[in-house]
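A.B. asks: Sequence plus predicted model, see below.
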Amino acid sequence: MVDDPVKGVQEPEYVPGTVVIPSLAYVKKALTVADEDLELEIVMMTGRGLRNGGARAVKVNDV
């Protein structure tokens, strides 16, 4: 540790996954079958750019 605290540490290899952006037609179809909570989550993700966790944190009564 005296010489170099990260000596011998290997960098993690990050391999990003494929990003899939659904079409507007797909989103509209999903909204027709979603319940109220999932519908809100979908709208917050597509219309507001929230990620999964942020969209799930939104509650119907908080809007």
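C.D. replies: Done, it's in.
A.B. asks: In terms of secondary structure, what does the helix or strand that contains residue 25 contact?
C.D. replies: Taking DSSP states H and E as the criterion, residue 25 maps to helix 24-33. For helix 24-33, the helices and strands in contact under the criterion 3 or more C-beta pairs under 8 Å, 6 or more residues apart in numbering; DSSP states H and E are helix 36-47. C-beta coordinates here come from the backbone N, C-alpha and C atoms, glycine included.
A.B. asks: what comes up buried for the helix it packs on?
C.D. replies: Residues of helix 36-47 classed as buried by neighbour count (16 or more other C-beta atoms under 10 Å): 40, 41, 42, 43, 44, 45, 46.
A.B. asks: could I get those as JSON lines with distance to residue 4 and pLDDT?
C.D. replies: JSON lines is the format used below for those (distance: C-beta to C-beta, whole Å; pLDDT from 0 to 100):
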{"residue": "40", "distance to residue 4": "50", "pLDDT": "83"}
{"residue": "41", "distance to residue 4": "46", "pLDDT": "84"}
{"residue": "42", "distance to residue 4": "49", "pLDDT": "86"}
{"residue": "43", "distance to residue 4": "50", "pLDDT": "84"}
{"residue": "44", "distance to residue 4": "45", "pLDDT": "81"}
{"residue": "45", "distance to residue 4": "43", "pLDDT": "83"}
{"residue": "46", "distance to residue 4": "47", "pLDDT": "85"}
